[in-house]
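Asks: no FASTA, just this:
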């Protein structure tokens, strides 16, 4: 518990995150290079889709992260609202633009994949539509946060919206089963009989880990500068800035 | 119980009852047919409205694909019944015999399905061609397909 | 402690009556969403085609989208004037639970918008070539769906009412949350027109109503506390 209290103090967070970000960034870079090499050069072509399935190594991790970041953001926002922890709000608001980017990436790569495979850039299928709604949710949260002059009110208001939006996440996740439409079912979560070949699964999981680390690195980096701005009147920030 | 505790209990029970009713209704809803998604069997056996957009899914029957210029005609089956689909336009890459597809369109009076859009439903299996061949030889694939498009 | 429940109930009734009386006194504001509903619906035959089969095909979507937009335009009236003259702050400071006050205000809002839109909808349905015997399904979906719109909308208004230009932002926040209701509402009417079973959609619309009825007043109350800080 002591650790959390120390970590949650803005000053300690700024210091610890400062050490962590470069390591996370470096690990991200290594994993992306390894993942892309395995995915694009080592993994064999698919029995039905040939070479074009390889976009899976970007598309699927991005889609996973679009949901994961949303859940982390809403979780952080809930922690901030319930226990009134400033840092949790900062983490939540720093997550929003990153999550929105992952969602956009998933939509764009999905569209590129859909054209050769399904025969269309876009269908108003449940999975695609809910991913689009997720993007709108992210944009709404970011816009609401930006609309408030006072940072604290903005964080709380946008945090409430993020928590309310969580109701949409299960709809997104189960929409494939509910509406039985074009998008194929989830591949990896069926642990009983993995329907993806190991040589393709490994790069996929490496890319997923890379995206996860990328999120960790960027959210900490963003939160760091946010904390610095938020605490700009305190002495430690002034001391820090003088050292530069 | 203090008034605050009493109030909290009330709030929690109201929320609990509300969520239970909502989930009960959702479960009821799933027993109903929510989409105009139909199978070839339903087309054969039930009276479906003509002149409205339907979505039919199934497997392309081997040996039934006839091309005439840009117009394509093929049979779609759910392994029990088949329906003839007519479509003019460019077919997606994944369109082939035995493949699962979804066609959007309308039923005509003679029982054929006029598709305005044909979409290939690629499955959730990703494997190298050699593995797929091996599976095919083991005759595993048709079973899996039957299960999926039952 | 018998009087806690009765005082909660009387607080609800008092707020409901007060807001209803205020709304009825501002006739112009009462009429605006209805006029908007009628005008938007009548734009479609003019802009697309007056051909009855085409109208029938688009009718469910047009009616539902127009009702949704009309509700969206009217949402600010739940809290705006009370926020501006300070009475919202007084209400929040009272010893009555804020979620109950919110419920009273949302109920009054629905009676003066959603309910009236629903009552008006059969006439517009007829103008879009809907057969008489299918108007019941339209009314049924709207009567179950529009309260959910008011309830979810109240969260958005509570979040944006303190902002000077909250209008467009409100639309951006609320419309994504409205999409499931639109999908099920419009598809229920569509299936009713095609003589198909609509029970599934109605169950889901009711489920969303019950869920928002239990959760939205609390979310709105928390949001109001942030706005009023």
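Replies: Cool, the structure landed. In this text the structure is predicted, and so the values were computed from the model without any measurement.
Asks: check contacts around residue 59.
Replies: Chain wasn't specified; assuming chain A. A:106, A:109, A:110, A:113 (C-beta atoms under 8 Å, 6 or more residues apart in numbering or on different chains). From N, CA and C alone the C-beta is placed, and that goes for glycine too.
Asks: Hmm, no, I was thinking of chain B.
Replies: Contacts of residue B:59 by C-beta under 8 Å, 6+ apart are B:76, B:77, B:78, B:79, B:98, B:99, B:100, B:101, B:145, B:149.
Asks: element containing the most centrally placed residue in chain C?
Replies: By C-alpha atoms, centre = their mean, chain C has its centre lying nearest to residue C:150, at 3.4 Å. Here residue C:150 sits within helix C:135-160, counting by DSSP states H and E.
Asks: Output the contacting helices and strands for that helix.
Replies: Judged by 3 or more C-beta pairs under 8 Å, 6 or more residues apart in numbering or on different chains; DSSP states H and E, helix C:135-160 is in contact with helix A:126-147, helix A:151-165, helix C:52-74, helix C:98-112, helix C:114-127, helix C:167-193, helix C:199-228.
Asks: Can you redo those as a markdown table, where the extra columns are mean pLDDT, distance to residue A:57 and mean neighbour count?
Replies: Listed next are the helices and strands packed on helix C:135-160 as a markdown table, based on pLDDT from 0 to 100; distance: least, C-beta to C-beta, whole Å; neighbours: other C-beta atoms under 10 Å in any protein chain shown:
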| stretch | mean pLDDT | distance to residue A:57 | mean neighbour count |
| --- | --- | --- | --- |
| helix A:126-147 | 87 | 18 | 22 |
| helix A:151-165 | 93 | 28 | 23 |
| helix C:52-74 | 92 | 38 | 21 |
| helix C:98-112 | 94 | 47 | 23 |
| helix C:114-127 | 95 | 48 | 19 |
| helix C:167-193 | 86 | 29 | 22 |
| helix C:199-228 | 91 | 36 | 22 |
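Asks: could you redo those helices as a markdown table and give each row distance to chain B?
Replies: As requested, those are exported to a markdown table (distance: least, C-beta to the nearest C-beta, whole Å):
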| stretch | distance to chain B |
| --- | --- |
| helix A:126-147 | 10 |
| helix A:151-165 | 14 |
| helix C:52-74 | 8 |
| helix C:98-112 | 8 |
| helix C:114-127 | 18 |
| helix C:167-193 | 7 |
| helix C:199-228 | 3 |
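Asks: So which of those is nearest residue C:12?
Replies: Smallest distance to residue C:12 across the helices and strands packed on helix C:135-160 (C-beta to C-beta): 4.6 Å, for helix C:98-112.
Asks: Mind giving me the packing neighbours of the closest one?
Replies: helix C:2-25, helix C:87-93, helix C:135-160, helix C:199-228.
Asks: wait, which of these is closest to residue C:43?
Replies: Judging these by C-beta to C-beta, what sits closest to residue C:43 is helix C:135-160, at 18.7 Å.
Asks: what separates the closest one from the chain centre, distance-wise?
Replies: Centre-to-centre, helix C:135-160 and its host chain are 3 Å apart (C-alpha atoms, centre = their mean, to the nearest Å).
Asks: try stretch C:32-47
Replies: The answer for stretch C:32-47 is 17 Å, by C-alpha atoms, centre = their mean.
Asks: okay, which residue is most central for chain A?
Replies: residue A:69 (3.5 Å).
Asks: Isn't that one up against residue A:215?
Replies: Yes. Residue A:69 sits in contact with residue A:215 when judged by C-beta atoms under 8 Å, with a separation of 6.0 Å.
Asks: Common neighbours of the two, please.
Replies: In contact with both residue A:69 and residue A:215: A:95, A:98, A:102, using C-beta under 8 Å, 6+ apart.
Asks: Let's see if you can find the most crowded of these.
Replies: When neighbours are taken as other C-beta atoms under 10 Å in any protein chain shown, the top entry among the shared contacts of residue A:69 and residue A:215 is residue A:95 (28 neighbours).
Asks: Contact partners for that residue?
Replies: Residue A:95 neighbours (C-beta under 8 Å, 6+ apart): A:69, A:72, A:73, A:76, A:215, A:219.
Asks: The same query, at a cut-off of 7 Å, please.
Replies: The contact partners of residue A:95, taken as C-beta atoms under 7 Å, 6 or more residues apart in numbering or on different chains, are A:69, A:72, A:73, A:76, A:219.
Asks: Just give the number of residues close to the last one.
Replies: Using other C-beta under 10 Å, residue A:219 is surrounded by 26 other residues.
Asks: and it, that's in a helix?
Replies: Yes. Membership of residue A:219 in a helix is supported by DSSP: H, G, I helix; E, B strand; the rest coil.
Asks: roughly how far apart are it and chain B?
Replies: Distance, residue A:219 to chain B, using C-beta to the nearest C-beta, to the nearest Å: 30 Å.
Asks: does that residue really touch residue A:92, like I thought?
Replies: No. Contact between residue A:219 and residue A:92 fails when scored by C-beta atoms under 7 Å: they sit 9.6 Å apart.
Asks: where along chain A do the helices fall?
Replies: Under the criterion DSSP state H, chain A contains helices at A:2-8, A:10-37, A:56-83, A:86-118, A:126-147, A:151-165, A:168-179, A:198-230, A:235-243.
Asks: Out of those, the one nearest residue C:65 is which?
Replies: Per C-beta to C-beta, nearest to residue C:65 of the helices of chain A: helix A:126-147, 15.4 Å.
Asks: counting contacts, what elements does that closest one pack onto?
Replies: helix A:56-83, helix A:86-118, helix A:151-165, helix A:168-179, helix C:167-193 (3 or more C-beta pairs under 7 Å, 6 or more residues apart in numbering or on different chains; DSSP states H and E).
Asks: Let me have those helices in TSV, adding distance to residue C:115 as columns.
Replies: TSV is the format used below for these (distance: least, C-beta to C-beta, whole Å):
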stretch	distance to residue C:115
helix A:56-83	33
helix A:86-118	37
helix A:151-165	25
helix A:168-179	27
helix C:167-193	16
